[in-house]
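[1] Fold the following.
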Amino acid sequence: MNRSIPHIIFITLAILLIIPICAGNVHEATICYLEDSVETGDTIDLEQGYRLTIDDIRKNDAAISIFNGSEEIRNASISGLYLFDKKIDGIDYDILWISMNLSDGEPAPMILEQYRDPGKPFDYPLIGAVSISIKKGEREPLKAGYELEVTSIIDNNAVLTLYKDDNIIKQEKLSGNGERFVYATKIDGQRRTILIAKLDRIFGNDSVHVSGLSQFEEPESADEGDGDDDGSKWNTQLVESTIFRYLLSIFVFACVFVLILGISRRIRR
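    Numbers count the residues shown, from 1 in each chain. Model prediction:
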């Protein structure tokens, strides 16, 4: 009976090691979020060189094309929800999630969420998906001279104001049902997201709770910084890489297996 314990443990660990491969799609951090109305012929520049074109909006569906740079990589038809994914190192990653409401014809309301493609270069966030509470009238200090303020709260709606070096660069009224506050800019015709935050809850007339707040480096300052910053960025890329995380999982399971095996041998003695 005791001899079967190591075999059972080994089979269990082997199954656990296979789970990451079979578990289905995963996705990285959100790097772009759009909520707008689109018409036939519209072109939307996204992050990491991706581009979406609305080829045709019909009564029951919409024809779209997805480009990687100048290369067209996908033609698809959307009748409500659509997911564009990509296989990297044997794992399926969600890249684009699109929802379109086609009931009223053109223009058609669309929500698009883009996740970081781990197979393409991308500057890691200055602030990565944090959750914070902000009191009304107070400014939350961010990076690179940015600040986020809850300017007012009226009738369960909050006005968020984004500052850069004490200058207002965006102001928007949101309700507390998960609406996104997004600030983006265009550099050389390419849309670049600078800030994404989701307004989760509004607490009376006093404060709000924000989740998924991410701030990204502005393109013009991407090459600045000293060697320590480069080393930190390289370490972050290593930790978040798929291969590193998979090897780390194998190492942890192997250590657990050796520990359990040692305990079982002591029990047999």
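[2] show me where this protein has helices.
    Secondary structure of the chain, counting by DSSP state H: helices at 4-22, 227-240, 242-268.
[3] what ranges do the strands span in the stretch 1-150 of the chain?
    Here the stretch 1-150 of the chain has its strands, by DSSP state E, counting those that start in this stretch, at 30-38, 43-45, 50-57, 62-68, 71-78, 81-88, 91-100, 108-115, 127-135, 139-141, 146-154.
[4] what about those, which gets the closest to Q215?
    Smallest distance to Q215 across those (Cβ to Cβ): 4.2 Å, for strand 127-135. Just so you know, the C-beta spots here come from the backbone N, C-alpha and C atoms, and that holds for glycine as well.
[5] tell me what that closest one is packed against?
    Helices and strands touching strand 127-135, by 3 or more Cβ pairs under 8 Å, 6 or more residues apart in numbering; DSSP states H and E, are strand 146-154, strand 207-215.
[6] wait, which of the ones you listed is closest to C255?
    Comparing the helices and strands packed on strand 127-135 by their distance to C255 (Cβ to Cβ), the top pick is strand 207-215, with 33.2 Å.
[7] what's that closest one packed up against?
    Judged by 3+ Cβ pairs under 8 Å, 6+ apart, strand 207-215 is in contact with strand 30-38, strand 127-135, strand 146-154, strand 190-203.
[8] So which of those strands is nearest C255?
    strand 127-135 (28.2 Å).
[9] Report the inter-axis angle for the closest one versus strand 207-215.
    Computed with axes from the mean of the first three to the mean of the last three Cα atoms, to 10 degrees, the direction of strand 127-135 lies at 160 degrees from that of strand 207-215.
[10] Within its sheet, name the partner strands of strand 127-135 and how each one runs.
    Strand pairing for strand 127-135, using DSSP bridges, gives strand 207-215 (antiparallel).
[11] Buried residues of the strand it pairs with, list them for me.
    Of the residues in strand 207-215, those with enough neighbours to count as buried (16 or more other Cβ atoms under 10 Å) are 207-208, 210, 212-215.
[12] picking that back up, any chance of JSON lines for the helices and strands packed on strand 127-135, columns mean pLDDT and distance to N167?
    Conversion of the helices and strands packed on strand 127-135 to JSON lines gives the following (pLDDT from 0 to 100; distance: least, Cβ to Cβ, whole Å):
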{"stretch": "strand 146-154", "mean pLDDT": "96", "distance to N167": "10"}
{"stretch": "strand 207-215", "mean pLDDT": "94", "distance to N167": "17"}
